[in-house]
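Chemist: 3D model of this:
(chains A and B)
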Amino acid sequence: MVHETLAATNAVVTLDVPLPEIFWGWYVTMNMWAKSIGTGVIFMLFLLLRKNPSEAKGLRLSTAIVAFVFINIFLLFTLADLHQPFRMWHIFVYSHMTSAIAVGSWMASIFLGLLTLLIYLGFKKSEGAYDRVLFWTTILAIPVTLYTAGIMAEATARELWQMPTESVQMLLAATLSGSAVMILIGGSKLSEESQKFFGVILGLSALLAFIIYMSEYIFGAMKAEEVAVILSYVKGDGEYATMFWIGQWVAYILPMVLVALSRASNSASILKLAAILAIVGLWVVKHVWLVIPQLLPLS
Amino acid sequence: MATKGEYMQLGFLVDLHLCMGCKGCEIACKVENEVPLSTWRLRVKYVDVGTFPETKRTFTPLRCNHCENAPCERICPVSALHYLENGIVNIDKERCIGCAGCVMACPYGAIYIDPETQTADKCTYCAHRIASSMMPACVVACPVEANIFGDLSDPKSNISKYIQQHTDVQVRKPEKGTNPHHFYVGASQAHLNPLASRREEGYNLFNNITHLPLGGHH
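Modeler: Take a look at the predicted model:
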């Protein structure tokens, strides 16, 4: 620990011209948020097919379309965030496979191809073929969900992003947003039992993600001073403290409460409100966690 | 010199006892590499230490550390950042897609997006000059020979001798496991650790620095 020496040294930077603070801004937040939805709905459709195949009947095509749209939003913002977007093809020609960016690009592209195939099969009403392709799409959705955590882990300069934690958070973001979207698009096609099932997934995802964020919030600073400095931006009167707590309330705390209320009152409307809040709040949570490590001075 | 069949491992050492913060290296680098306005491949950080009247100013030249285990090389999806055989971490700006992964990975804040080419850029130890058997521009410009450049794999090189003869040789952020090929002699925490000094609004000699637009939303 060195910042304790400040009292003695009174060291002040009087000339430095570091990098502009935020390099990965809200375009990357959009990227992570949309990908969570795109893979999350596939996970949920897969579960629904195992749990209650008859209800999945009317949701095959619509779920594939929703996943396709959100994966394209994810890819669009990924492309837009590049400073040389017209060189995107370099990733496929000069792939450097130690990079989670390169590996992820390949996987996301194949995933998009499988979603296109699912839409075709859903449109043709080839349910057997659809379900076989969905199995492999679901398997691929796991690494597609996780690879952003790999990118964050390879960002050596940003101590807050640790691979084990971010992997779990990526999966929980997918199950949270996926179940929320299924509750919204399922509507009357879902039985009360299935709605409750997705409500439980939504509530548990929110609870686990909230526990992990709070664990980092409380204990993260005890391991490394860089993490302590980064977390100071979301503590007290930190620059992102308000936004952090808005995210935690909207994405996790309120949906948890509303899911419990909806179960107690058998209200589909309350469950839908929980779903909407979770989807909106997830964007805020992701954005804060993306931005704060970039505020740490590196020089 | 390296024996036959081996390659040099080029490294840099800055003797901070000698550096007087003249910024000659910074200017030489700017001119040699045509570094655009508002960006720097090499810059000298000033930190004021102490309480008036017992104060002193420290100077720390900061550049790419040319790590043996470079996070920027690992994360680059197109190998625009790559190792040369002499240990230099070089960049191919024609290949770079401007994803800024390297900017996020470098723990030393040594990589920037060139506002003119919209690609990543950084110090290359003047690889083009070395290919012509010339020293990097900053080494030539330093009036007190505070910059020592040479082959780390050759025990008789100036840099190796300097490392052997001094006990206070340090690298920045050794805990990152990057194995930098860039060393400092005579450094304090205030020189090397960004968290060992405060950054206070209005205390900077350059305030309200204007950065050239980088494109996209950042």
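Chemist: In chain B, mark out all the helices, start to finish.
Modeler: B:24-33, B:71-75, B:101-105, B:127-130, B:137-141, B:158-165, B:189-192 (DSSP state H).
Chemist: what mean pLDDT does the first one have?
Modeler: This predicted structure assigns helix B:24-33 an average pLDDT of 96.
Chemist: mind checking how far it is from the chain centre?
Modeler: Centroid displacement of helix B:24-33 relative to its chain, using Cα atoms, centre = their mean, to the nearest Å, is 12 Å.
Chemist: which outside residues touch that helix?
Modeler: Helix B:24-33 is contacted from outside by B:35, B:40-44, B:61, B:63, B:123-124, B:126, B:129, B:137-143, B:147, using Cβ atoms under 8 Å, 6 or more residues apart in numbering or on different chains. C-beta coordinates here come from the backbone N, C-alpha and C atoms, glycine included.
Chemist: if you set the cut-off to 7 Å instead, what comes out?
Modeler: Applying Cβ atoms under 7 Å, 6 or more residues apart in numbering or on different chains, the external contacts of helix B:24-33 come out as B:35, B:40-44, B:61, B:126, B:137-138, B:140-143, B:147.
Chemist: May I see the helices of chain B arranged in JSON lines, with mean neighbour count and distance to residue A:5 as well?
Modeler: Below are these laid out as JSON lines (neighbours: other Cβ atoms under 10 Å in any protein chain shown; distance: least, Cβ to Cβ, whole Å):
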{"stretch": "helix B:24-33", "mean neighbour count": "19", "distance to residue A:5": "27"}
{"stretch": "helix B:71-75", "mean neighbour count": "24", "distance to residue A:5": "27"}
{"stretch": "helix B:101-105", "mean neighbour count": "26", "distance to residue A:5": "28"}
{"stretch": "helix B:127-130", "mean neighbour count": "16", "distance to residue A:5": "37"}
{"stretch": "helix B:137-141", "mean neighbour count": "20", "distance to residue A:5": "30"}
{"stretch": "helix B:158-165", "mean neighbour count": "15", "distance to residue A:5": "26"}
{"stretch": "helix B:189-192", "mean neighbour count": "22", "distance to residue A:5": "6"}
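Chemist: Among those helices, which comes closest to residue A:295?
Modeler: When the helices of chain B are compared by Cβ to Cβ, helix B:101-105 sits nearest residue A:295, at 12.8 Å.
Chemist: What is the distance between that closest one and the centre of its chain?
Modeler: With Cα atoms, centre = their mean, you get 15 Å for helix B:101-105.
Chemist: can you check stretch B:94-114 too?
Modeler: Computed by Cα atoms, centre = their mean, the chain-centroid distance of stretch B:94-114 equals 14 Å.
Chemist: State the mean pLDDT of it.
Modeler: So the average pLDDT for stretch B:94-114 ends up being 96.
Chemist: so how far is residue A:190 from residue A:203?
Modeler: For residue A:203, the distance to residue A:190 equals 16 Å [Cβ to Cβ, to the nearest Å].
Chemist: Check residue B:51 too.
Modeler: 68 Å.
Chemist: can you check residue A:144 too?
Modeler: For residue A:144 relative to residue A:190 (Cβ to Cβ), the value is 25 Å.
Chemist: So between those two, which is more surrounded?
Modeler: Applying other Cβ atoms under 10 Å in any protein chain shown to residue A:144 and residue A:190 shows that residue A:144 carries more neighbours, namely 25 against 22.
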